[in-house]
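Student: Any chance you could fold what I've pasted below:
(one chain, ligands or ions: 1)
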Amino acid sequence: MNENENPNHYDRERPAGLTPVTVIGLGAMGRALAEAFVRAGHPTTVWNRTPEKAAPLVAEGAVLAGSVEAAVAASPLVVTCLTTFEATRQALGPATEALSGRALVTLNSGTPAGARETAAWAAGHGARFLAGAVKNVPSAVGAPDTLLYYSGDRAVFDTYASTLKVLGGDTVHLGAETDLAALYEMAVGAMLLPALVGFFQGAAAVRSRGLEAGSMVRFAEKWLDMIKSLLPVYAEEIDRGDYSEAASSVNLFLEGAAYDEELSRETGVDATWLAPLYDLVEQAVAAGHGEHSVSALTEVLAKRP
Ligand SMILES: NC(=O)c1ccc[n+]([C@@H]2O[C@H](COP(=O)([O-])OP(=O)(O)OC[C@H]3O[C@@H](n4cnc5c(N)ncnc54)[C@H](OP(=O)(O)O)[C@@H]3O)[C@@H](O)[C@H]2O)c1
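Tutor: Coordinates of the predicted model:
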């Protein structure tokens, strides 16, 4: 039996030569992952339900497997990037025998429950498992500061550390619990939509005056820098459960509601998406947090049924 047939020979990264990798799922993100491995010189096998999507990767040197089973059997390290955990288990269905003894790394978005379910499924088929998440866009894959979280089998993370770093230099193992990457991905990701909708609302207000959205970018970036500087301060207040030293109080935020309404009337820009946020602020006031730091909203959120 040669090395390719016996996955147990893949316990360590091969000192002479780069680890062969299989990438399953060649959507926007999967293609970027496979491309990064190919460009870094890793022997890269790919598989996609719609095989045509593999053509540009094959032109760069990847090998297109004829079946998902052959794709899994080709490498000790199998990276999947499908839309969901469920789709991942479904796509790997015909390859469960080949998974035994290999390292499976999922890089899709999903819930902690989905990660736990997939971890149990992978263990049931004898695979070692890491659930990961790419915290950036496909064009950022491979950059030194691109963040990827992983959780699960620490030995897999350590064994393939240099291979996984090909995908992004800021590569973090969060812990042995397989659902931590999904938890952090969703917890941090929660900021995206409110922040972007806020920017879009501002852009619509500026455009209502015939000005370009681009004219506010520099100022919006500074605003985000300011918000960024507050995160460690608020995190400390939340972790201590002490909101008494308010640089910006809940009451101060409540005053903003009237201004937002007035600007909405003046510009004709719909700001109704803010109503549930002000509802939260009002609940915090009702709970006695009016003069407390705005981070006390965490308490209101945590107590929601
Ligand atoms: N794109 C981003 O900006 C970004 C950023 C961070 C994280 N992510 C995450 O990365 C994951 C993939 O995103 P993406 O943008 O690459 O999505 P995408 O472009 O829609 O590609 C989805 C991939 O999943 C495959 N697929 C879906 N269901 C399948 C099934 N039942 N059986 C077999 N294959 C299946 C698709 O195959 P076909 O080609 O045959 O349809 C395709 O390869 C998602 O979880 C996403 O949240 C994406």
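
Student: Look through this protein and state the residue closest to the ligand.
Tutor: Each residue of the chain has a distance to the ligand, by CB to the nearest ligand atom, and the smallest belongs to residue 27, at 1.8 Å. Where you see a C-beta, it was placed from the backbone N, CA and C, and this is true even at glycine.

Student: I'd say that residue and residue 87 touch.
Tutor: No - Residue 27 sits out of contact with residue 87 when judged by CB atoms under 8 Å, with a separation of 10.4 Å.

Student: any weak-confidence spans in the stretch 151-300 of the chain?
Tutor: Residues of the stretch 151-300 of the chain meeting the criterion pLDDT under 70: none.

Student: Now do the helices in it.
Tutor: Chain-ordered helices for the stretch 151-300 of the chain, with DSSP state H, counting those that start in this stretch as the definition, fall at 154-159, 161-164, 180-189, 192-207, 217-240, 250-267, 275-284, 297-302.

Student: Tell me the secondary structure at residue 86.
Tutor: Remark: residue 86 carries the secondary structure label helix [criterion: DSSP: H, G, I helix; E, B strand; the rest coil].

Student: Dump stretch 256-269 to PDB, restricted to CA.
Tutor: These are the backbone C-alpha positions of stretch 256-269, laid out as PDB (Å, rounded to 0.1, in the frame of the first residue of the first chain):
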ATOM      1  CA  GLY A 256     -30.800  60.500  18.800                       C
ATOM      2  CA  ALA A 257     -34.200  59.000  18.000                       C
ATOM      3  CA  ALA A 258     -35.900  62.400  17.500                       C
ATOM      4  CA  TYR A 259     -33.000  63.700  15.300                       C
ATOM      5  CA  ASP A 260     -33.200  60.500  13.100                       C
ATOM      6  CA  GLU A 261     -36.900  61.000  12.600                       C
ATOM      7  CA  GLU A 262     -36.500  64.600  11.700                       C
ATOM      8  CA  LEU A 263     -33.700  63.900   9.200                       C
ATOM      9  CA  SER A 264     -35.900  61.100   7.700                       C
ATOM     10  CA  ARG A 265     -38.800  63.600   7.200                       C
ATOM     11  CA  GLU A 266     -36.400  66.200   5.700                       C
ATOM     12  CA  THR A 267     -34.600  63.900   3.300                       C
ATOM     13  CA  GLY A 268     -37.400  61.500   2.600                       C
ATOM     14  CA  VAL A 269     -35.100  58.600   3.500                       C
END
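
Student: what does the chain put close to the ligand?
Tutor: Within reach of the ligand by CB under 6 Å from any ligand atom, the chain has these residues: 25-30, 48-50, 53, 81-83, 87, 90-91, 108-109, 134, 137-138.

Student: residues touching the residue lying closest to residue 301 once chain neighbours are set aside, list them.
Tutor: If the residues on either side of it in the chain are set aside, residue 301 comes closest to residue 280, at 7.0 Å by CB to CB, 6 or more residues apart in numbering. Residue 280 makes contact with 297, 300-301 under the criterion CB atoms under 8 Å, 6 or more residues apart in numbering.

Student: Turn these into TSV, including neighbour count.
Tutor: Output for the contacts of residue 280, formatted as TSV (neighbours: other CB atoms under 10 Å):
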residue	neighbour count
297	22
300	19
301	11
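
Student: Redo those residues as CSV? Include distance to residue 102.
Tutor: Below are the contacts of residue 280 laid out as CSV (distance: CB to CB, whole Å):
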residue, distance to residue 102
297, 45
300, 46
301, 41
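
Student: now, among the residues you listed, which is nearest to residue 182?
Tutor: Sorting these by distance to residue 182 puts residue 301 at the head of the list, at 19.4 Å, by CB to CB.

Student: What pLDDT is listed against the closest one?
Tutor: Per-residue pLDDT puts residue 301 at 96.

Student: Check the one 3 residues further on too.
Tutor: pLDDT, residue 304: 66.

Student: do residue 3 as well
Tutor: 34.

Student: Quick check: closest non-adjacent residue to residue 274.
Tutor: In this structure, residue 274 finds its nearest non-sequential neighbour in residue 260, 5.7 Å apart by CB to CB, 6+ apart.

Student: Apologies, that question was intended for residue 51.
Tutor: Nearest residue to residue 51, sequence neighbours excluded (CB to CB, 6+ apart): residue 64, at 6.4 Å.

Student: Check the burial of that neighbour by counting its neighbours.
Tutor: Neighbour count of residue 64, defined by other CB atoms under 10 Å: 17.

Student: Then the one 3 residues further on?
Tutor: Using other CB under 10 Å, residue 67 is surrounded by 12 other residues.

Student: Please consider this matter closed, and thank you.
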